[in-house]
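> with the sequence up front, the predicted model follows.
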Number of protein chains: 2
Amino acid sequence: MIDVAQAAGVSIATVSAFINGTANVSADLGQRIEKAIREIGYQRNAIARSLKLGTTRTIGLTVADIRNPFFTDVVATIQQVLNAAGYAVMLCCNEEDTVQQDEQIKLLLDRMVDGLIIAPAGEDDIMRRLLTGTRKPVVLIDRVCDGLDVDAIVLDNLKAVSDATNYLINLGHRRIGYISGSPETSTGRDRLAGYRQALEAAGVAFIPDLVREGHFREADGYRAAMQLLTMPDRPTAIFSANNLMVIGAMRAIRDMGLSCPADVSVACMDDFPWADVFNPRLTTVAQPVEAIGEQAATLLLERLEGRAPHHSRRLVLHGNLMIRNSCSPRIPA
Amino acid sequence: MIDVAQAAGVSIATVSAFINGTANVSADLGQRIEKAIREIGYQRNAIARSLKLGTTRTIGLTVADIRNPFFTDVVATIQQVLNAAGYAVMLCCNEEDTVQQDEQIKLLLDRMVDGLIIAPAGEDDIMRRLLTGTRKPVVLIDRVCDGLDVDAIVLDNLKAVSDATNYLINLGHRRIGYISGSPETSTGRDRLAGYRQALEAAGVAFIPDLVREGHFREADGYRAAMQLLTMPDRPTAIFSANNLMVIGAMRAIRDMGLSCPADVSVACMDDFPWADVFNPRLTTVAQPVEAIGEQAATLLLERLEGRAPHHSRRLVLHGNLMIRNSCSPRIPA
DNA sequence: AAAGCTAGTCTAAACGTTTCGAAGCTGTCA
DNA sequence: TGACAGCTTCGAAACGTTTAGACTAGCTTT
């Protein structure tokens, strides 16, 4: 910028004013500056600008697992909305590991991001302290955290799973295996509660043995399904608390020489693009991924631009049961 | 930092020296500084640091389509390696749109990233100028660009597709439909060349009508497959130049009331986690996604740390044909 | 003719770090 | 005792912007 000013024979203040349009600059000088910029190939240093302005027009985004198509879609949408608004996005994924997560939040805060969107891998005190300590706007997606009073956008997980479980019950299933997500996450807990509630509302006994804990990863799903399928009185249906674990479950079914839906019905949370193309076409609860991403970005932008209410907001969206052909009716014994 | 210095009763130079360990600081002062940092909750401002140091420890990453599991995996690996090395990653995806791509590269350069990893959506002069004009290290992945002399890591696409095509030929297929990627990308061109080469080597005529152009998106695959399947003499096998388009193709097959592999065999580039769980279990050419991501990050880190040769490097990796059950033998007429 | 505007331009101080060179102190050696 | 070395600490300049406030020149108003 100094070079440009020199080349154009003006002060750097004038160059700055011209570039930002913050003050009138005469046509004569304007042309000289433009020419100098072109010739020098000048590009403004956003770092220096950020330092002075105290804003980076960059936001931090951490998700537990970007390989999960659900998160991929949400991330893609967020990125698009924020980019269009002139913000850059710093992405971190932590493989469902809270220690990594804390480090990444520190890294992002350190880089002076203007705001954060977080899909928490789990809750811990370091994160709570980090997030309450900063005055930066934060938006939580997918999972919420106790004791963190920030904007959040979540699914009505209880109803989503309860609906799906009901569907299985109505098909005649009574022994429904459940592959659960981490109890450390709100989604893990709420979804399990939905399963239990549907069971109890229908007068079907809740059997703890039919619930196997996983941590949202494919390998967990495989292990959990194997345990369920090798029970002496194996379940006639299995519900998986997310899409990654259902892959493991399908693999387990195949490895056991069973077939879906003939031998065991399967359904899960989270839709994905492949779900209705191959066989069996999987019955899932689809989340409104675009809406989640869009709303998250919007909530954050509103805060950044100071046009958000003082209190924190919580948006609850609803899942959509996509009935396909991975569940078959069963006459209860 | 000024506050910390004041609280500890030392100069900011000493605080800086203590934090960075760039000079000896007596135990006494060290303790006072540590205490002050804890009490104030001081966190170093990386922006100011970057301005002074001329390095941001941030790298920019643009990919054509993050929803494609291939890119997702690569991005995840890159992110992990770079994070471990203390770098943050700014992610941009441009939905295969070169105009957006150019803007994103500008945005990243503007933000003073230390380097760039790019999976180009396509080639254009703006990008070429942007990238040659900067002195920042750049690594290209998946697709290369003519006239851009930078590090790159690519697949031997020609051989990958030629192998897969050969497999189909050996099964007895002669009319093999090909759903092509954008001819504006090196992958689009090289893969088509592989198809053609295999055909010609086997003495099978190359029929232009059997090649339908797509742009790596699902909708393109659907349209292309529909065109192929409604031909009077429809192909007995279809190869798709990527994984997204194959979904469209499978959908088209179903919508036409056909079945795979009984009526038409299907194979494609790019493996994905679901490919071998549902039916048909899809035959694919798997790319070494982890290796690609790891190598890309490594190449960039080497350049950043000045331990790379002066000339540009090009790594060529190899695909792996995963034979499953989506292709069936066919006695040639 | 003096005073008051206005538009255009500039000077200089900040933003929060790093780092060079200087300064102060202690101890050693001639 | 004085010179010198080594260690610790500090003052101040720099990084590339933005911006408040000062200045100038040309008009308009009284």
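Looks like it came in fine.

> elements contacting the helix or strand where residue A:295 lies?
With elements taken from DSSP states H and E, the one containing residue A:295 is helix A:289-304. Contact analysis of helix A:289-304 by 3 or more CB pairs under 8 Å, 6 or more residues apart in numbering or on different chains; DSSP states H and E lists helix A:69-84, strand A:115-118, strand A:138-141, strand A:151-155, strand A:314-317 as its packing neighbours. (Each C-beta comes from the backbone N, C-alpha and C, glycine too.)

> how about 10 Å then?
Counting by 3 or more CB pairs under 10 Å, 6 or more residues apart in numbering or on different chains; DSSP states H and E, the packing neighbours recorded for helix A:289-304 are strand A:58-63, helix A:69-84, strand A:115-118, strand A:138-141, strand A:151-155, strand A:314-317.

> could I get these as TSV with distance to chain B?
Shown next, in TSV, are the helices and strands packed on helix A:289-304 (distance: least, CB to the nearest CB, whole Å):
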stretch	distance to chain B
strand A:58-63	7
helix A:69-84	5
strand A:115-118	13
strand A:138-141	16
strand A:151-155	20
strand A:314-317	20
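
> how about these, which one is nearest residue B:163?
Nearest to residue B:163 among the helices and strands packed on helix A:289-304 is helix A:69-84; the distance by CB to CB comes to 28.3 Å.

> kindly export the closest one (C-alpha atoms) in CSV.
Provided in CSV are the C-alpha atoms of helix A:69-84 (Å, rounded to 0.1, in the frame of the first residue of the first chain):
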residue,chain,number,x,y,z
PRO,A,69,-22.7,-37.4,5.4
PHE,A,70,-24.9,-35.7,7.8
PHE,A,71,-22.1,-33.4,8.9
THR,A,72,-20.7,-33.2,5.4
ASP,A,73,-24.0,-31.7,4.2
VAL,A,74,-24.3,-29.3,7.1
VAL,A,75,-20.8,-28.2,6.7
ALA,A,76,-21.2,-27.7,3.0
THR,A,77,-24.3,-25.5,3.5
ILE,A,78,-22.7,-23.5,6.3
GLN,A,79,-19.7,-22.9,4.2
GLN,A,80,-21.8,-21.7,1.3
VAL,A,81,-23.9,-19.3,3.2
LEU,A,82,-21.0,-17.8,5.1
ASN,A,83,-18.8,-17.5,2.0
ALA,A,84,-21.6,-15.7,0.2
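
> helix or strand right after that helix?
Heading C-terminal from helix A:69-84 (DSSP H and E), you reach strand A:88-93.

> how about the helix or strand just after that next one as CSV, C-alpha atoms only?
Using DSSP H and E, the helix or strand that follows strand A:88-93 in sequence is helix A:98-110. Taking C-alpha atoms only, helix A:98-110 is exported to CSV below (Å, rounded to 0.1, in the frame of the first residue of the first chain):
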residue,chain,number,x,y,z
THR,A,98,-13.1,-34.1,23.2
VAL,A,99,-9.4,-33.6,23.9
GLN,A,100,-8.7,-32.8,20.2
GLN,A,101,-11.9,-30.7,20.3
ASP,A,102,-10.6,-28.5,23.1
GLU,A,103,-7.4,-27.9,21.3
GLN,A,104,-9.1,-27.0,18.1
ILE,A,105,-11.4,-24.5,19.9
LYS,A,106,-8.3,-22.9,21.4
LEU,A,107,-6.6,-22.9,18.0
LEU,A,108,-9.6,-21.1,16.4
LEU,A,109,-10.0,-18.6,19.3
ASP,A,110,-6.3,-17.9,19.0
